[in-house]
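Q: Fold the following, please.
(2 chains)
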Amino acid sequence: MAQAAIELIGINKSFGAVRANRDINLEVARGTIHGIVGENGAGKSTLMSILYGFYQADSGEIHVGGKPVSINTSNDAIALGIGMVHQHFMLVDNFTVLENIILGAENDVLLKSSIAKARSELDRLEREYGLEVDPDAVIEELPVGLQQRVEILKALYRGAEILILDEPTGVLTPAEADHLFRILKQLKEQGKTIVLITHKLREIMAITDTVSVMRQGTMVATRMTKETTVGELAELMVGRRVLLRVEKGQSEAGAVKLSVKNLTVKDSRGVTMVDNVSFDVRGGEIVGIAGVAGNGQSELLEAISGIRHAVSGEVMLDGKPIDLTGKADPGELRDRGLAHVPEDRHHVGLVLAFEENENSILGYHDDERYLKGPFLDVDAIMADAKDKIEKYDIRPGNPRLKTANFSGGNQQKIVLAREMEQDPGVLIVGQPTRGVDVGAIEFIHKRLIAMRDQGKAVLVVSVELDEIRSLSDRILVMFAGRVVGERGPDATEGELGLLMAGVEHQEAAE
Amino acid sequence: MSTPYAKLPAWADYGLIPLINLAVAFIVAGFVVMLVGENPFRAAVILVEGAFGKGTGIAFTLFYATTFIFTGLSVAVAAHCSLFNIGTEGQAYIGGLGIALVCLSLDSVLPWWAIFPIAIVAAAAFGALWGLIPAYLQAKRGSHIVITTIMFNFIAASVMVYLLVGALKPAGSQAPQTRNFLAGAELPKLNWIIELFGAKIRSAPLNICFLLALVMAFLVWLLIWRTRLGYEMRTYGHSPKAARYAGISETRIIITAMMISGALAGMMALNPVMGDQHNVAIDFVSGAGYVGIAVALMGRLHPVGIVLAAILFGMLYQGGAELAFEMPAISRDMIVIIQGLVILFAGALEHMFRPYIQALFASVSPKSVGMQAVKGKGA
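A: As a prediction, the model looks like this:
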């Protein structure tokens, strides 16, 4: 076996009473791609943050290139040749690629000499690794895939021999993800070591050499990728068997409950985000909207739920129109039986500073069940919250706990419980399982299908193709604000991927 | 990314940290006292004794505290809706106008117990009106509430000067103030309560507005944490997007919160006007509105904290006056410096010591910090 690029020995890290990492041992061989999988809260991020100098371990040793080192800041990590590509890019939007790359590595008071040096160095890197980016392009004008490439270049420019990528494909189209994987393989061939953190098991299978699984702060297993299966990894992550694809019966679509006709929505800058979109959702079916993030799905959801005003078009709820001209109010739509699980639970679906019970009535706080005159009926609210906690297995089961202290999956369950328990006729859900762990995904999917089987109309928007394919009875694909295709649930990933990238659309136009 | 910020137990959050901030403020103030060549320990003794040593001192301390409770509550109500109401000063000033109109027209006809409720309503209504305009501009026009409320303080001051040297001034008088109210518009004193404990009081302005302030503190607690309106205000305050999602009208909630805030500010005027001066004079608010910001911040926007912080500032006012009297080297301006230091450490630098205390708690007793969920990526 090749010499270890990184060796972590007996790493422990606690935050207060919580042991985020216990006795972690990890060996990453030089020149390999090493995947680390685990549910949210398993301690992957903490471990990588220790390696990158954001946190210090309480105990344990880090060896880089065979020598024990201490990494106290990210500068130490960079000096040791460790580079990190963050999930949320750390780029200055209105700087050029070149300016971003030298940011923090300027060698002079005046930029001129560093820029010239960076330009030639960048040129070399781009040629060597096939990472083509225009060095003078402004970041905000680049697609996300290219922005990510800039992040990788940034790390390489600083002499990184070991690259840590944190959930790198979350924002990419399947095609862009493939391209990223080709780049990573090329980097590997050049002798770089890559640590890939992800929760997507398919990616692990497709690209890694070795995979380590974390669960609840411990490293539960390390496998050669060739010798394991997706099923085994999922089981190791969760600690029990998981259904990767929910079982569901044939849908029995009924009457049209939600009807969207020629809907056009603009964002605050006046850019058309939803362009003349029409579709129906019937009772008893789940319609999934697939697409790469930023192709108008968010604005579509916001318009239908009354949060954002539409420019033109018509939305009918149970055959009656929703006033789109500016008077539509989410509260009124809720009264008419439209429940909405928003994409952004941190800022929209929940108030994180509230206690759990306060969030369990958000949007329904004017319902007389929760009120005594102008006062909140605290007892009724608490009883209701406890009831939902039980039904949806929300943990920890304490309605007085601050919502920010729940994990992502449990926060999502709080929102789902609130919206589903109102027994709505139409349920629209944005990113049902974003940032949610595998165990909770299964639970949430089952609930959504149960809603469908009760004859509700369910509209799901997700950037996770797997999720769309396993949930939906019909799949609509959005690209650049338009619905570019409708497919059945048996559509292949490749087919949907092409639609999502707008390829078929363009071909048809030619 | 996990945030290694531990949560402190409530007693540390609401008790220990303010105390540490206060202690640091006094230590720094002590150095200032040393600089002018006085003994800081003697100064501290004079300050505290001046505020709490004698019955009269206590009564004055609580009288000032009453004023600060109102302005502190006013700032806090708006702050729960994420509105930074700097206009408490002006709203209180205009509230005084409402009181003046009621008292000047009714004090010869009605007894105090009949005038008082009318004056409360008038003070609240005038204050609320002065909060309404900036609120409307914020909700409908997006004019920032901080800017507009500051400007409205100046407008209020100008309006009051105009009225107090004109229409409200009795003919022939040279003082820019209304005529003195008759007995019908004088509020009963509360000094007898302190005398019950055996202290002697010569003359002090503590009056029943103190009780009204405590009642309002309770009502504000009820409003914020127990009513639908308070729930909506807090939702909007924490996340305007969540409020929009929940069907809460932005316009309505901003205007309502600011009107309540303005009403509380306006009621502050009852204390000096009907309880003490028995007239409305120029600049009678004299900065109490701005002190209210510090009181609200130091009280962590909670009515109990606000009452305690208001008493602290009442102490600084009363004890500071004694200090300036006893130690001529310490001028009135020095007192303002000390108050400024308290505001600096308790308000602006509120969180300066928090990380250290959290680290201390986390290492001494991890359970007390109640860390439960270490969130991973995207959680």
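
Q: Could you report the pLDDT at the closest residue to chain A within the stretch 101-250 of chain B?
A: The stretch 101-250 of chain B approaches chain A most closely through B:Gly247 (2.3 Å), counting by Cβ to the nearest Cβ. C-beta: built from backbone N, CA, C; applies to glycine. Here, the pLDDT recorded for B:Gly247 equals 92.

Q: go on, A:Val415?
A: Per-residue pLDDT puts A:Val415 at 96.

Q: now the nearest residue to A:Glu390 once chain neighbours are set aside: how far from A:Ile389?
A: Using Cβ to Cβ, 6 or more residues apart in numbering or on different chains and skipping residues adjacent in sequence, the residue nearest A:Glu390 is A:Gly397, 7.3 Å away. For A:Gly397, the distance to A:Ile389 equals 5 Å [Cβ to Cβ, to the nearest Å].

Q: More neighbours: which of those two?
A: Between A:Gly397 and A:Ile389, counting by other Cβ atoms under 10 Å in any protein chain shown, A:Ile389 is the more crowded of the two (22 against 13).

Q: so what's the more buried one up against?
A: Contacts for A:Ile389 (Cβ atoms under 8 Å, 6 or more residues apart in numbering or on different chains) come out as A:356, A:397, A:399, A:417.

Q: sec struct for the second one, please.
A: The one in question is A:Gly397. Judged by DSSP: H, G, I helix; E, B strand; the rest coil, the three-state class of A:Gly397 is coil.

Q: For whichever strand or helix holds A:Ala417, name the packing helices and strands.
A: Following DSSP states H and E, one finds A:Ala417 within helix A:408-420. Secondary-structure packing of helix A:408-420 (3 or more Cβ pairs under 8 Å, 6 or more residues apart in numbering or on different chains; DSSP states H and E): strand A:338-341, helix A:356-359, helix A:378-391, helix A:438-453.

Q: what mean pLDDT does the second one have?
A: It stands for helix A:356-359. 96.

Q: And for the last one?
A: The predicted model assigns helix A:438-453 a mean pLDDT of 89.

Q: So it, near chain B or not?
A: No - Helix A:438-453 is not in contact with chain B by Cβ under 8 Å from any Cβ of the partner chain; minimum separation 10.7 Å.

Q: Sheet partners, orientation included, of the helix or strand following that helix?
A: Once the chain leaves helix A:438-453, the next helix or strand it forms, by DSSP H and E, is strand A:457-461. Sheet pairing for strand A:457-461, assigned by DSSP bridges, gives strand A:285-290 (parallel), strand A:426-430 (parallel).

Q: Report how many residues lie close to residue 318.
A: Chain wasn't specified; assuming chain A. Neighbour count of A:Asp318, defined by other Cβ under 10 Å: 16.

Q: nope, chain B please
A: Other residues close to B:Gln318 by other Cβ under 10 Å number 25.

Q: Pipe the contacts of A:Ile389 into JSON lines and attach distance to B:Lys54 per row.
A: Formatted as JSON lines, the contacts of A:Ile389 follow (distance: Cβ to Cβ, whole Å):
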{"residue": "A:Glu356", "distance to B:Lys54": "50"}
{"residue": "A:Gly397", "distance to B:Lys54": "55"}
{"residue": "A:Pro399", "distance to B:Lys54": "50"}
{"residue": "A:Ala417", "distance to B:Lys54": "60"}
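
Q: Just the buried ones out of those residues, please.
A: With burial judged by 16 or more other Cβ atoms under 10 Å in any protein chain shown, the buried subset of the contacts of A:Ile389 is A:356, A:399, A:417.

Q: wait, which of these is closest to chain B?
A: Nearest to chain B among the buried ones among the contacts of A:Ile389, counting by Cβ to the nearest Cβ, is A:Glu356 at 12.3 Å.

Q: Now do the contacts for that closest one.
A: Applying Cβ under 8 Å, 6+ apart to A:Glu356 gives the contacts A:385, A:389, A:394, A:398-403, A:406, A:414.

Q: now with 6 Å?
A: A:399, A:401, A:403 (Cβ atoms under 6 Å, 6 or more residues apart in numbering or on different chains).

Q: just A:Ala255 next, same as before
A: A:Gly283.

Q: can you check B:Gly266 too?
A: Counting by Cβ under 6 Å, 6+ apart, B:Gly266 makes contact with B:91, B:95, B:123-124, B:126-127.

Q: got the buried residues for whatever helix or strand it lives in?
A: Using DSSP H and E, B:Gly266 sits within helix B:250-268. For helix B:250-268, a neighbour-count test (16+ other Cβ under 10 Å) marks B:253-268 as buried.
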